[in-house]
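> Structure of the sequence below:
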Amino acid sequence: QVQLVESGGGWVQAGGSLRLSCTASGRTFSRYNMGWFRQAPGKEREFVAAISWSTGMTYYADYADSVKGRYTISRDNAKNTVYLQMNSLKPEDTAVYYCATLHKEGSSWLGDYWGQGTQVTVSS
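The predicted structure follows:
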């Protein structure tokens, strides 16, 4: 069992930045792929970014108006924490952001353990 606690959400004006943090319980954090998803009002939850436990490689969503180039995922295994640095925020980035441990199925990242979510609101 892994418990994940997100923090760092809030309100920001368009063009601003926020850094989300997710701290995990347990002593095997370094062996988990970690990632972030988000869910906007009235929409399905969508993948945002992932970071591999074994290689440290990072992956970002590749959909229209993607976060790639604006968001950066990173991790500090000594602190059991994964981060999501979000720059050049847009109103359409407004969502509840969820941290998760991940596994990969084909080309998709799927969540196993989830945090409770943190609200990010970007005003125009």
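> which neighbours does the biggest strand by length in the chain have in its sheet, and in what orientation?
Longest strand in the chain by number of residues (criterion: DSSP state E): strand 95-105. When pairing is defined by DSSP bridges, strand 95-105 lines up against strand 33-39 (antiparallel), strand 108-114 (antiparallel), strand 118-123 (antiparallel).
> Please identify the deepest-packed of the ones you listed.
Greatest average neighbour count among the strands paired with strand 95-105 goes to strand 33-39 (a mean of 24), per mean count of other C-beta atoms under 10 Å. The way it works is simple: take the backbone N, C-alpha and C, and place the C-beta from them, glycine included.
> what mean pLDDT does that strand have?
If you average the pLDDT over strand 33-39, you get 97.
> Toward the C-terminus, what is the element adjacent to that strand?
Downstream of strand 33-39, the next assigned helix or strand under DSSP states H and E is strand 46-51.
> Quick one: list the elements packing against whichever helix or strand comes after that following strand.
In the C-terminal direction, the helix or strand that comes right after strand 46-51 (DSSP H and E) is strand 58-60. Under the contact definition 3 or more C-beta pairs under 8 Å, 6 or more residues apart in numbering; DSSP states H and E, strand 58-60 sits against strand 46-51, strand 71-76.
> who does the first one pair up with?
With DSSP bridges as the test, strand 46-51 is paired with strand 33-39 (antiparallel), strand 58-60 (antiparallel).
> what's next to it, contact-wise?
Applying C-beta atoms under 8 Å, 6 or more residues apart in numbering, the contact partners of strand 46-51 are 33-39, 57-61, 63, 67, 71, 73-75, 82, 84, 97, 102, 108-109.
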